[in-house]
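Novice: Build the 3D model from these lines:
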Amino acid sequence: MLFAFLENRPKGITFVVLVIIPRAVSAIGASILFVAAFATLASVFPDRLSTVNGVVETGLSIGYTLGPGIGGVLFDVGGFKLPLLTVGGLLLLLAFAAIVVIPSVSDNGHEKPVSFVSFLRIPLVVVIMLTFFIIGILEDTICVVIEPFLLDKFEFSHSVIGLLLMIPFFSLSLCAILFGYLSDYMKWGAGIAFFGILCCALSMFLIDPPRLLIPVRFGLVTLIAGLILMGIGVSASMVPIYALCLEEACRHGFEDNAATINLISSTSNSATSFGLFMGPVVGGSLYEAIGMPKLMLLYCGVLVLFSILFLATYLFSRRKSSVDLAEPS
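Specialist: You can find the predicted model right below:
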């Protein structure tokens, strides 16, 4: 709601400071919300963690898809303040509703404090956190470079570009619950995450591959296919790895309780946020330095290599667990 009152503020350093303050408050609030929400959902639905996470990702994707359109309508009706005050008012109502509806979380089985250092010594956990970080970079890189790329290559209007940017969120919202269900009930979490990383790699290749590798001229169809695959890949990568991380932490002596869940949630949120922060910096700089085709090829190669690292680390972890179980105590 603070943003709504910035319209007539004085220019210069005062305006910059007044813009940074609401952004900082928003970031702090969002981090608290995501950490607390994940911990609560994991405690209420301990056996369906990936499915619930898929539902949450679906809700977020629908919000990202509908938000620009609804915000534009409210802006046309009431100007700059109306969309911001409307969203802020709804969030306040939801905050009071959450106090009434959301149950308190009991920390059953909490016997010892969790160690952040010990948590990050688990190889698969480190790779999972790198997954959050890389997906964060990928998402914000596309948001930054896709507009100048489409303006230069296709000469689309800004409204068409906005519609194209909705495609990944739309495909993500359609697939998230399915991937969550398969992860929880079919126990395919690691396989789904591996599939998702490869889908992200293929999506980067389809958006704008170098002509030296593929002589066929790629156009709007392959661009849309790449954006669809990106949504599927992000969904498959992000939905199952919370439960996979919790399972791996428990294998290494952590307790399945609220303390461990909070540690996973806060660490993953930090990794994703850092990726979202680095995405525009890295992606924008590389886009200007090497161009879109080489940038997409670079991201594709990094994702393929990372998928191999993810699979190798997971298989090593499971092999080590099997050996430990086979050894007599």
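Novice: residue contacts, I241?
Specialist: I128, T131, F132, G189, A193 (CB atoms under 8 Å, 6 or more residues apart in numbering). All C-beta atoms are positioned from the backbone trio N, CA, C, and that covers glycine.
Novice: tell me the two of those residues that are most distant?
Specialist: F132 and G189 (14.8 Å; CB to CB).
Novice: okay, L212: pLDDT?
Specialist: Listed pLDDT for L212 reads 61.
Novice: Helix or strand for S273, just tell me which one.
Specialist: Using DSSP states H and E, S273 sits within helix 258-290.
Novice: okay, the angle between the next helix or strand after that helix and helix 258-290?
Specialist: Going down the chain from helix 258-290, the next helix or strand is helix 292-326, by DSSP H and E. Going by axes from the mean of the first three to the mean of the last three CA atoms, to 10 degrees, helix 292-326 is angled at 150 degrees with respect to helix 258-290.
Novice: list the buried ones in helix 292-326?
Specialist: 292-293, 295-297, 299-300, 302-304, 306-307, 310-311, 313-314, 317 (16 or more other CB atoms under 10 Å).
Novice: Kindly report the same for stretch 176-193.
Specialist: Quick answer for stretch 176-193 (16+ other CB under 10 Å): 176-184, 188-193.
Novice: now swap in stretch 82-93 and tell me
Specialist: Result for stretch 82-93 [16+ other CB under 10 Å]: buried residues L82, P83, L84, L85, T86, V87.
Novice: Of these, which pair is most distant in space?
Specialist: Once CB to CB is applied, the buried residues of stretch 82-93 give L82 and V87 as the farthest pair, at 9.7 Å.
Novice: Packing partners of the host helix or strand of G29?
Specialist: Element membership of G29 [criterion: DSSP H and E] is helix 13-44. The contact analysis (3 or more CB pairs under 8 Å, 6 or more residues apart in numbering; DSSP states H and E) places helix 13-44 against helix 49-78, helix 241-251, helix 258-290.
Novice: tilt between the first one and helix 258-290?
Specialist: So that's helix 49-78. Using the same axes, to 10 degrees: helix 49-78 against helix 258-290 is 60 degrees.
Novice: And helix 49-78, how far out from the chain middle?
Specialist: The chain centre lies 14 Å from the centre of helix 49-78; the measure is CA atoms, centre = their mean, to the nearest Å.
Novice: Would you enumerate the residues in contact with F277?
Specialist: G136, D140.
Novice: From L202, how far out is the closest residue to I207 other than its chain neighbours?
Specialist: Excluding the flanking residues, the one nearest I207 by CB to CB, 6 or more residues apart in numbering is G226, at 4.0 Å. Distance, G226 to L202, using CB to CB, to the nearest Å: 8 Å.
Novice: quick one, which of these two is more surrounded?
Specialist: G226 (23 against 19; other CB atoms under 10 Å).
Novice: quick one: the more buried one and F205 touch, right?
Specialist: Yes: using CB atoms under 8 Å, G226 is in contact with F205, at 7.5 Å.
Novice: pretty sure L246 is in contact with L49, am I right?
Specialist: Yes: here L246 reaches L49: they are 6.9 Å apart, a contact under CB under 8 Å.
Novice: what number of residues lie near S235?
Specialist: For S235, using other CB under 10 Å, the count is 29.
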